[in-house]
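Q: Below is the structure, and that's it, no one-letter string:
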Ligand code: HEC
């Protein structure tokens, strides 16, 4: 009888010990760092935003964009330019003011599509821009600076109408390299597509006349 009880008692003790071990895991407070079984990508060599880096001689973790010989941010196009005349510099590197892409309904449709995707968020679908309560773009409304209006306004000053009076080459330039707080779209939108957007800006402008 005595001998038969022993293993049962031992079993009960073991069970209690096991249960209490598990129970202590729940709701227990510990100063120790948590056990990190699956590391995922929590620990990796990386430079955090605005932090210092010993890797570069100037110790800037965040790098500046690559510039060309004129100190301007280099433009990366996803595919090679089909024709040098498509850029806003001609063979003699002179500034091209007129749109080199012939206008057609396909080009305008493409321009509209890309304008609506890339530009309307700040400039509004009509290109009237503005910010705050007068903002036409979802993001433009919250923009700290006034988003320019592409439309000529009779009652406004020359400075207010400056953007409406820019040449097509200048629109291309802004789309390509961005300006102020506007991001550059050169790396994202192909050359002909940028010219298609310029054609579409002209359509928008003609609608307000
Ligand atoms: C994230 C918001 C934003 C987006 C998206 C955006 N823009 Fe702008 N854009 C601005 C702001 C802000 C300015 C005013 C820049 C300044 O003068 O500092 C501006 C200015 C301009 C100007 C006037 C430049 C000048 O000479 O003053 C043109 C033209 C223009 N944008 C065209 C476009 C086109 C075309 C697209 C789409 C490919 C586009 N923008 C996308 C914010 C945006």
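A: Good, I have the coordinates. No experiment lies behind these values; they were computed from the predicted model shown.
Q: Skip the chain neighbours and tell me the closest residue to the closest residue to the ligand within the chain.
A: Relative to the ligand, the nearest point of the chain is residue 180 (2.1 Å; Cβ to the nearest ligand atom). From N, CA and C alone the C-beta is placed, and that goes for glycine too. Closest residue to residue 180 apart from its sequence neighbours, by Cβ to Cβ, 6 or more residues apart in numbering: residue 145 at 6.8 Å.
Q: Check the gap between the most centrally placed residue in the chain and residue 143 for me.
A: Centre of the chain computed as the mean C-alpha position; nearest residue by Cα atoms, centre = their mean is residue 183, 7.6 Å away. Distance of residue 183 to residue 143, computed by Cβ to Cβ, to the nearest Å: 12 Å.
Q: do residue 134 as well
A: For residue 134, the distance to residue 143 - Cβ to Cβ - is 11 Å.
Q: ok, those two, which is more surrounded?
A: Between residue 134 and residue 143, residue 143 has the larger neighbour count (other Cβ atoms under 10 Å), namely 17 against 13.
Q: And the more buried one, its phi and psi?
A: phi -80, psi 140 (degrees, to the nearest 10).
Q: Kindly report the same for residue 95.
A: With angles defined as degrees, to the nearest 10, residue 95 sits at phi -70, psi 130.
Q: what pairs with it across the strands?
A: residue 89 (DSSP bridges).
Q: Make sure it is actually in contact with residue 172.
A: No. In this structure residue 95 lies outside contact range of residue 172 using Cβ atoms under 8 Å: 9.8 Å.
Q: quick one: which of those two has more around it?
A: With neighbours defined as other Cβ under 10 Å, residue 95 and residue 172 compare such that residue 172 has more, 26 against 12.
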